[in-house]
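J.: Quick one, what's the 3D model for this:
(one chain, ligands or ions: 1)
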Amino acid sequence: MNKVIIIGAGIIGMLTARILLKSGVAVTIIEQGYAGKESSWAGGGIISPLYPWRYSEAVTQLALWGQQHYPEVLHEIHQNSAIDPEYIQSGLLYLNIEDELTKAEKWEQQYHYPFVSVSGESLKAVEPGLNDSFEQGWLTDNIAQVRNPRLVRSLREDILNLGVNLEQQTQAQSFIIEKDQLKGVVTDKGSFYADKVVVAGGAWSSQLLESWVKIPKIAPVKGQMIVFKAEPGVVSRIVLSKGRYVIPRKDGHIVMGSTLEFDDFDKTTTEDVLAELRQEAIRIIPALENYTVEKQWAGLRPGSIDGVPYIGEHPELKNLYLNAGHFRNGVVIGLASCQLLVNQLLGQETIVDDQAYLLTEERLVSDSQSIDLRTAI
Ligand SMILES: Cc1cc2nc3c(=O)[nH]c(=O)nc-3n(C[C@H](O)[C@H](O)[C@H](O)COP(=O)(O)OP(=O)(O)OC[C@H]3O[C@@H](n4cnc5c(N)ncnc54)[C@H](O)[C@@H]3O)c2cc1C
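T.: Next up is the predicted model:
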């Protein structure tokens, strides 16, 4: 295989490109906007599923592989791009997980993932800015973070340096099929040919495929975020309570997220959510009352059932591959999913058993109207 086209330059398209380029394959990425400006830009960059024990083995396997390999890969990307993605092993403090402690502890033992219970003075020592009303927390130092806007910029520079052909502001619109095999992609800027085509179009993946083949159950799930202009030391770890989290960045900015909204492809932000996220952040860290909210934004997660991405060749069209549907975990599970897809493309042994991610009949539907993730989460 000499040439691959990837549709979509989010983290998934760009990491896939990186691995292929390093294996000697020529890669063209077709991106309708600009590289790394959609969900991959908008996310929190936590390198862990929020509550890892709630996920299936399929998600866990990819997450653990990513957590193990990210430090080295991000170091290389930093070196090659001269942009620091700000990988920090900040750790994560869980609050209010009493109800699911048994499940969490079982998970922790199974995957050798140490959590330490902290209360009273030790809790205060761990995170001095925490609201006094919290009496107990569970701490893991294993969890790291990256800063999304920096991650996607560094990745873009890295793959440009590795020789990718990046076609931005170019929309993939249809496919070139000869003798039941995919040969290329038609865009609003002309046709592109390759041996294989990978759809990594995030939340838009099913839209593009709809008129051609049965589609994966992927739909947009909006997440709104805000960022406080604070200073270093206000919070030192990621702190998670009742599904809301604060993430301290290196320069003192503190990100607060996020909502789960089923709003089609609408990315508008609302005053109500701004107020709610600000209030929740202050509930966790009262000192945030003193800092201004610098920015609010929203991104569209590629929602899928149980967050298990679709990785593999489409059963109805030879040479059409998918790597999409990473939902809330595209950063943490993205690296492994891209390595797995490249294993498949190059006929290599796969890093994990790929059965759970394949595009089987039961994971595909004919019509995007039938995808309702509200009932699937
Ligand atoms: C608020 C929020 C918080 C999050 N927090 C975390 C977190 O802490 N940790 C974590 O692991 N994950 C997190 N995520 C999830 C993660 O960001 C996503 O799973 C991941 O970014 C998906 O990457 P992607 O490349 O598939 O999608 P995207 O980044 O959306 O990229 C898809 C690209 O495809 C392009 N495209 C689509 N259709 C076409 C077409 N026809 N032609 C050309 N280009 C096309 C789009 O323009 C886009 O650039 C979060 C997401 C959000 C929104």
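
J.: Low-confidence stretches in the stretch 201-350 of the chain?
T.: Nowhere does the stretch 201-350 of the chain drop to pLDDT under 70.

J.: quick one, helices of it?
T.: Ranges of helices in the stretch 201-350 of the chain, per DSSP state H, counting those that start in this stretch, are 205-209, 271-284, 330-345.

J.: among the ones you listed, which is the most enclosed?
T.: helix 330-345 (a mean of 25; mean count of other C-beta atoms under 10 Å). For every residue, glycine as well, the C-beta is placed using N, CA and C.

J.: ok, which residues in the stretch 51-200 of the chain are in contact with the ligand?
T.: Residues of the stretch 51-200 of the chain found near the ligand (C-beta under 6 Å from any ligand atom) are Gln171, Ala172, Ala200.

J.: count of neighbours near the residue nearest to the second one when sequence neighbours are not counted?
T.: When you say that, I think you mean Ala172. Nearest residue to Ala172, sequence neighbours excluded (C-beta to C-beta, 6 or more residues apart in numbering): Ile7, at 4.5 Å. Close neighbours of Ile7, defined as other C-beta atoms under 10 Å, add up to 28.

J.: Ok, the one 10 residues further on next?
T.: Using other C-beta under 10 Å, Ala17 has 31 other residues around it.

J.: That one and Val198: what is the separation?
T.: Counting by C-beta to C-beta, to the nearest Å, the gap from Ala17 to Val198 is 9 Å.

J.: Spit out the residues that contact the two alike.
T.: Common contact partners of Ala17 and Val198 (C-beta atoms under 8 Å, 6 or more residues apart in numbering): Ile6.

J.: May I have stretch 299-308 as CSV, with CA atoms only?
T.: Included here for stretch 299-308 are C-alpha records, laid out as CSV according to Å, rounded to 0.1, in the frame of the first residue of the first chain:
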residue,chain,number,x,y,z
GLY,A,299,-17.5,21.3,20.7
LEU,A,300,-19.3,18.4,19.1
ARG,A,301,-18.2,15.0,20.4
PRO,A,302,-18.6,12.1,18.0
GLY,A,303,-21.1,10.3,20.2
SER,A,304,-21.4,6.5,19.8
ILE,A,305,-23.1,3.8,21.8
ASP,A,306,-21.1,3.2,25.0
GLY,A,307,-18.3,5.3,23.6
VAL,A,308,-16.8,2.4,21.6
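
J.: From here on, call the first residue 49.
T.: Okay, residue one is now 49; in that scheme the one you just asked about reads as stretch 347-356.

J.: Kind regards, and thank you for your time.
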